[in-house]
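Asker: no FASTA, just this:
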Ligand code: F0G
């Protein structure tokens, strides 16, 4: 199967001197160019095409990163997917797969079956907990398991924890087993019979950001970058800090001062990133970090970086694999900067194009009422790209001018999707339900359940449709917002009578 880009090759524009500060000329430069030869960047606004990496001006110069088109539009990765030819043999109970690559395969249903088999075999490989065994480490990552569809990086450059392999909790009224009586409360709250929660907060640093970050930092490694940066409402920064530390790079994060939850800030500092608090909001920090990266030669790791989006596609592939490749009717997720909507939507489109699934689910992106530019645009059939001064207690999605607007709009339009908004009170009520069920999540994630409940009430999502809701961040990320008051309980004397009186039994 080939999804190949065509069109004029543009680019070679950036000033190499300006970009040189934090890039080292390493042996990776030519490897990177070779590895990404069949990968291009397409402008989502004007369709201009650029090479994935632009060569430096001399033979041994470092490659140059590109985050935007000359027209200012954001870029989308296009590549040729090479289906590895495989033959499986059962040898003494061991299951071995031999691979050799072919450049072109057919998009026949059989190709879809071959892709599924490849990923299922990798998922079945028992993880070997040895960092010296990179190949098995790749297979045990919920991102690199799908590597042919993510990034053709040489294995020795991959920076992985590993990440992914997050649970898909069955929480619907019908699909909750007897051992999940508590989880069923979530299905009852949503009004759904067959409902799953994909908990991306159970990634190594506690959010879905690790999926994009393993790919972003791998790219940084390939490029020879020694410093990486992002603007963040907290989760991207924690993830960047962790992966940068692993790769021996300097991490630099720009945060909206006073608007980052304590757990996220603590992680970022503990992992050793340089933390710059901005007097302004996330949108100000985002504008600044782009300028900083371009002028100071630091590799940018926001989802403006198209390779981060490629990593986050793995959420979509993993959902499909966990559902035995039976695509759900709906995928619902919280929406802020819109990177995740773009990524999971792209994954589902590609899985369909590769004949891995028979239909593409509808997407519902849920915004907080006070941070709802995408919702406002949707309500006008996307005639106008709105921006707002964002205000919500779900600080992760307090974003007024989302970078991935155009990419996400395509997902909503292509999937006959919908954008909904929910109030902070609705977010807190939904969070309490998820928390009390014993699963737990941070406030922004609960927008998913609040939005689903609303869409079921409105009859947009039908009670018997199969729905996957994405939880994006861990409960402990934000230990203040929406937490039960007086949580520590009362201190009592260590006597049985005192216990009886507290428990009222
Ligand atoms: N949920 C959580 C927990 C998040 O941290 C974010 C974004 C989102 C949802 C929204 O995802 O931006 O792809 O639409 N957090 C970013 C950050 C902005 O900096 O950590 P999106």
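Answerer: Yes, it's here. As the structure is a prediction and not an experimental result, all values here were calculated from the model.
Asker: grab the nearest non-local neighbour of the residue in the stretch 1-150 of the chain positioned nearest to the ligand.
Answerer: At 12.9 Å from the ligand, residue 74 is the closest residue in the stretch 1-150 of the chain, using Cβ to the nearest ligand atom. Glycine gets a C-beta too; all of them are placed from N, C-alpha and C. Using Cβ to Cβ, 6 or more residues apart in numbering and skipping the chain neighbours, the partner closest in space to residue 74 is residue 44 (5.6 Å).
Asker: isn't that neighbour up against residue 410?
Answerer: Yes - contact status for residue 44 versus residue 410: in contact at 7.3 Å, counting by Cβ atoms under 8 Å.
Asker: who's in contact with the residue nearest to residue 356 when sequence neighbours are not counted?
Answerer: Distances taken as Cβ to Cβ, 6+ apart put residue 112 closest to residue 356, at 4.5 Å, once the chain neighbours are dropped. Residue 112 sits next to 354-357 when contact means Cβ atoms under 8 Å, 6 or more residues apart in numbering.
Asker: the ligand contacts on the chain?
Answerer: When proximity is defined by Cβ under 6 Å from any ligand atom, the chain lies next to the ligand at 207, 209, 232-236, 303, 334-341, 396-397, 442, 444-445, 472-473.
Asker: again, only this time at 5 Å
Answerer: 232-233, 235-236, 334-340, 396-397, 444, 472-473 (Cβ under 5 Å from any ligand atom).
Asker: how about the strands in the stretch 201-350 of the chain?
Answerer: 227-231, 250-256, 274-278, 299-300, 330-334 (DSSP state E, counting those that start in this stretch).
Asker: let's have the ones you listed in a markdown table, adding mean pLDDT and distance to residue 478.
Answerer: As requested, the strands of the stretch 201-350 of the chain are exported to a markdown table (pLDDT from 0 to 100; distance: least, Cβ to Cβ, whole Å):
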| stretch | mean pLDDT | distance to residue 478 |
| --- | --- | --- |
| strand 227-231 | 97 | 19 |
| strand 250-256 | 98 | 14 |
| strand 274-278 | 97 | 17 |
| strand 299-300 | 96 | 26 |
| strand 330-334 | 98 | 13 |
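Asker: quick one: the ones you listed as TSV, columns for mean neighbour count too.
Answerer: Below are those laid out as TSV (neighbours: other Cβ atoms under 10 Å):
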stretch	mean neighbour count
strand 227-231	28
strand 250-256	24
strand 274-278	16
strand 299-300	24
strand 330-334	28
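Asker: and of the ones you listed, who's closest to residue 420?
Answerer: Each of the strands of the stretch 201-350 of the chain has some distance to residue 420 by Cβ to Cβ; the shortest is strand 330-334, at 8.7 Å.
Asker: check which helices and strands the closest one sits against.
Answerer: helix 339-353, strand 362-368, helix 443-457, strand 466-471 (3 or more Cβ pairs under 8 Å, 6 or more residues apart in numbering; DSSP states H and E).
Asker: quick one, what contacts residue 184?
Answerer: 171-173, 176.
Asker: what is the nearest of the residues you listed to the ligand?
Answerer: Nearest to the ligand among the contacts of residue 184, with distances taken as Cβ to the nearest ligand atom, is residue 171, at 18.4 Å.
Asker: surely residue 408 touches residue 333?
Answerer: No - look at residue 408 against residue 333 with Cβ under 8 Å: they stay out of range, at 10.4 Å.
Asker: counting neighbours, what do you get for the closest residue in space to residue 143 that isn't next to it in sequence?
Answerer: Nearest residue to residue 143, sequence neighbours excluded (Cβ to Cβ, 6+ apart): residue 314, at 4.2 Å. Look at residue 314: counted by other Cβ atoms under 10 Å, it has 29 neighbours.
Asker: what about residue 314, distance to residue 333?
Answerer: 14 Å (Cβ to Cβ, to the nearest Å).
Asker: thought the residue nearest to residue 143 was touching residue 148?
Answerer: No - if you go by Cβ under 8 Å, residue 314 and residue 148 don't touch, sitting 11.9 Å apart.
Asker: list the contacts of whichever residue of the stretch 51-200 of the chain sits closest to the ligand.
Answerer: In the stretch 51-200 of the chain, the residue that lies nearest the ligand is residue 200 (8.2 Å; Cβ to the nearest ligand atom). By Cβ under 8 Å, 6+ apart, the contact set of residue 200 is 166, 207-208, 211, 315, 470-473.
Asker: next one: residue 151
Answerer: Counting by Cβ under 8 Å, 6+ apart, the residues that residue 151 touches are 39, 215, 218-219, 307, 310-311.
Asker: joint contacts of residue 408 and residue 333?
Answerer: Joint contacts of residue 408 and residue 333 (Cβ under 8 Å, 6+ apart) are 341, 365.
Asker: for the stretch 1-150 of the chain, what spans make up the helices?
Answerer: Using DSSP state H, counting those that start in this stretch, the helices of the stretch 1-150 of the chain run over 28-35, 109-124, 134-139.
Asker: so for the last one, mean pLDDT?
Answerer: What that stands for is helix 134-139. In this model, helix 134-139 carries a mean pLDDT of 71.
Asker: can you check the longest one too?
Answerer: Along helix 109-124, the predicted confidence averages to a pLDDT of 89.
Asker: got any ranges where this protein has weak pLDDT?
Answerer: Applying pLDDT under 70 to the chain flags the ranges 1-31, 56-62, 86-107, 126-136, 486-488.
Asker: let me see the ranges of the helices in the stretch 301-450 of the chain.
Answerer: Using DSSP H, counting those that start in this stretch, helices in the stretch 301-450 of the chain cover 306-322, 339-353, 373-379, 405-414, 424-436, 443-457.
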